[in-house]
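Chemist: here is the input, now give the coordinates:
(4 chains)
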There are 2 protein chains.
Amino acid sequence: MKKILIIEDDESIHNIIEELLKENGYVVFNAYSGTEALLLLEKEKYDLILLDLMLPGLTGEELLVKVKDIPVIVLSAKISSDDKVNCLLSGANDYITKPFDSKELLARIEVQLRNRSKNNIIENLKYRELELLNDNHTLLVCNKKVNLTKTEYAIIKQLLLNRTQVITKNKLLDLISIDTEDCDENSLRVHISNLRKKIRNYTETEYIESIWGIGFKIKS
Amino acid sequence: MKKILIIEDDESIHNIIEELLKENGYVVFNAYSGTEALLLLEKEKYDLILLDLMLPGLTGEELLVKVKDIPVIVLSAKISSDDKVNCLLSGANDYITKPFDSKELLARIEVQLRNRSKNNIIENLKYRELELLNDNHTLLVCNKKVNLTKTEYAIIKQLLLNRTQVITKNKLLDLISIDTEDCDENSLRVHISNLRKKIRNYTETEYIESIWGIGFKIKS
DNA sequence: GAAAATGGTTAAGAAATTGTTAAGATTTTG
DNA sequence: CAAAATCTTAACAATTTCTTAACCATTTTC
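Modeler: Got it, this is the predicted structure:
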């Protein structure tokens, strides 16, 4: 059940796309301005974004660079090669010009989702005594529910998703703060500390290992 | 240095693409028929395939389903929606119609390579009994894990990355200290000494060789 | 071969990084 | 708007790493 966010201000086009996607089994979310999209993006994780370029509030181009880790298909009336190239190099995964063919749009959506599910092997949100539920704030430790804050959830998810790797402090800081620069390592340390304490409530095992000067990883 | 395989029987188009890619720093390989492509695919791993549909020997469509784990961009004169959809659902990652815009082709190639390099496991540096796990900041000596400090890791990585070359003391000092000048060679000597001691814990072999007055290298 | 320069090892003190706690600031929620 | 939850900041202790300095070995230079 894939979640797709449609960002398009023209209501008639918006409705056509929404109808098409719903008919094909997708769960659809709607934004009618760039700023609205930004708010929605902070709230929920989507599997794909369909993005118009000419938007009120915040343009599609501006929005594009703010989106991370979600595939974006740009759907635009701008047919110039420069526009396409610009978007593709700014992070868009595909660029379709309006008017578009329904079947082609669906096929290109499939491609993006197919790519994605390859990467995110619906894998190990489970590791030994830990299991991360897909609800953005619950961790099971020895099958006991532990409530995590949004930040703690983001951290442990990143660690579990790459549990053989060391995740650098900077990478984790990126996850935490939407605006990059001014966030403090100190803050990250506190989050990690709190996470450890919550896990420690239910198990003796230490799961989060510090790699001195680099970052953190799941102990193996 | 990304390797791209062009599969296209029309020689003039083939040459245009080849030239374009070479100008942009790609390493290009050529196949002029479906069957030739198949042979090449068994021999070598490519990062991307550009695929024409109308090919002698084996059609592009037939080839497409045989390709696994390499992104494919279809480049075809067939503009019908059915052809596009068919290819995209059969495994193509993108579909561009001829005549194509050079910049757009390059951009779409970038997209595919960008996607791929995300989940590309960084290759580990291996040399005899030493193995540097890149995503892990660990050194294996005879398959035993050795804990290195940030500085030691930086040094051994530099040495292993260029194991035929001598790495000057200044180069290594640059790695260690952000401000160049005031760092001490003495300090570097200590780090090297500690590194050697840690490696010596697991093997008799001396791996780090001193080049008098110049620097260090991996013993060959 | 002796003096000078460079390299290797060790140990101790300096510096940097981390873990924890608690209080204040900020955001979210009712 | 107030209460609750969350995040950040600051302080401190504990730990790890880095640098310094001393001493000796080795190599080069004269």
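
Chemist: packing partners for whichever strand or helix holds A:F216?
Modeler: When elements are assigned from DSSP states H and E, A:F216 belongs to strand A:215-218. Packing partners of strand A:215-218 (3 or more Cβ pairs under 8 Å, 6 or more residues apart in numbering or on different chains; DSSP states H and E): helix A:150-161, strand A:167-168, helix A:169-176, strand A:208-211. C-beta: built from backbone N, CA, C; applies to glycine.

Chemist: if you set the cut-off to 10 Å instead, what comes out?
Modeler: helix A:150-161, strand A:167-168, helix A:169-176, helix A:185-200, strand A:208-211 (3 or more Cβ pairs under 10 Å, 6 or more residues apart in numbering or on different chains; DSSP states H and E).

Chemist: can you tell me the strand partners of it and which way each runs?
Modeler: Strand A:215-218 has the following sheet partners, assigned by DSSP bridges: strand A:167-168 (antiparallel), strand A:208-211 (antiparallel).

Chemist: which one, of these, ends up nearest to B:K98?
Modeler: strand A:167-168 (43.7 Å; Cβ to Cβ).

Chemist: any part of the closest one near DNA strand C?
Modeler: No. Using Cβ under 7 Å from any atom of the strand, strand A:167-168 stays clear of DNA strand C, with a minimum separation of 9.6 Å.

Chemist: contacts for that strand, please.
Modeler: If you take Cβ atoms under 10 Å, 6 or more residues apart in numbering or on different chains as the criterion, strand A:167-168 is touched by A:155, A:158-159, A:161, A:174-175, A:211, A:213-218, B:135, B:137.

Chemist: residues from chain A in reach of DNA strand C?
Modeler: A:169, A:185-186, A:189-190, A:192-194, A:196-197, A:210-215.

Chemist: quick one on the thing from earlier: need the max-distance pair from the contacts of strand A:167-168.
Modeler: A:L161 and A:G213, at 22.6 Å, using Cβ to Cβ across the contacts of strand A:167-168.

Chemist: which one's more surrounded, the two?
Modeler: A:L161 (17 against 12; other Cβ atoms under 10 Å in any protein chain shown).

Chemist: and the helices and strands packed on strand A:215-218, which one averages the lowest pLDDT?
Modeler: Lowest mean pLDDT within the helices and strands packed on strand A:215-218: helix A:169-176, at a mean of 89.

Chemist: run through the neighbouring helices and strands of it.
Modeler: Counting by 3+ Cβ pairs under 10 Å, 6+ apart, helix A:169-176 packs on helix A:150-161, helix A:185-200, strand A:215-218.

Chemist: okay, those in JSON lines with distance to A:L113 next?
Modeler: JSON lines is the format used below for the helices and strands packed on helix A:169-176 (distance: least, Cβ to Cβ, whole Å):
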{"stretch": "helix A:150-161", "distance to A:L113": "18"}
{"stretch": "helix A:185-200", "distance to A:L113": "31"}
{"stretch": "strand A:215-218", "distance to A:L113": "28"}
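
Chemist: quick one: stretch A:42-50 near chain B?
Modeler: No. With Cβ under 10 Å from any Cβ of the partner chain as the criterion, chain B is not reached by stretch A:42-50; the gap is at least 13.7 Å.

Chemist: and the end-to-end length of that stretch?
Modeler: Distance across stretch A:42-50, first residue to last, is 16 Å (Cα to Cα, to the nearest Å).

Chemist: so how far is that stretch from its chain's centroid?
Modeler: 6 Å (Cα atoms, centre = their mean, to the nearest Å).

Chemist: now the helices for chain A?
Modeler: Along chain A, counting by DSSP state H, helices occupy A:11-23, A:34-43, A:60-64, A:81-89, A:102-119, A:150-161, A:169-176, A:185-200.

Chemist: between those, which one is nearest to B:D69?
Modeler: It is, among the helices of chain A and with distance given as Cβ to Cβ, helix A:102-119, at 9.2 Å.

Chemist: tell me the angle the closest one makes with helix B:102-119.
Modeler: Compare the direction of helix A:102-119 with that of helix B:102-119 by axes from the mean of the first three to the mean of the last three Cα atoms, to 10 degrees and you get 30 degrees.

Chemist: which other helices and strands contact helix A:102-119?
Modeler: Short answer (3+ Cβ pairs under 10 Å, 6+ apart): helix A:102-119 packs on strand A:3-7, helix A:11-23, strand A:48-51, strand A:72-76, strand A:94-97, helix B:81-90, strand B:94-97, helix B:102-119.

Chemist: contacts for the one helix or strand in chain A whose mean pLDDT sits lowest, please.
Modeler: Least confident helix or strand of chain A, by mean pLDDT, DSSP states H and E, is helix A:34-43 with a mean of 84. Here helix A:34-43 makes contact (Cβ under 10 Å, 6+ apart) with A:5-9, A:29-31, A:33, A:46, A:49, A:51-64, A:66-68, A:70, A:136, A:150, A:178.

Chemist: and that helix, what's buried?
Modeler: A:34, A:36-38, A:40-41 (16 or more other Cβ atoms under 10 Å in any protein chain shown).

Chemist: tell me which of those residues is nearest to A:T203?
Modeler: Nearest to A:T203 among the buried residues of helix A:34-43, with distances taken as Cβ to Cβ, is A:L41, at 34.2 Å.

Chemist: and the gap between the closest one and A:L58?
Modeler: 11 Å (Cβ to Cβ, to the nearest Å).

Chemist: quick one, what contacts the residue in chain A positioned nearest to DNA strand C?
Modeler: The minimum distance from chain A to DNA strand C, using Cβ to the nearest atom of the strand, falls at A:S210 (3.4 Å). By Cβ under 10 Å, 6+ apart, the residues touching A:S210 are A:166, A:169, A:189, A:192, A:196, A:216-217, A:219.

Chemist: let's see it at 8 Å
Modeler: Taking Cβ atoms under 8 Å, 6 or more residues apart in numbering or on different chains, we find A:S210 in contact with A:192, A:216.

Chemist: likewise for A:V72?
Modeler: By Cβ under 8 Å, 6+ apart, the contact list for A:V72 reads A:48-51, A:64, A:91-94.

Chemist: so which of those residues is the closest to A:I109?
Modeler: A:L48 (6.3 Å).
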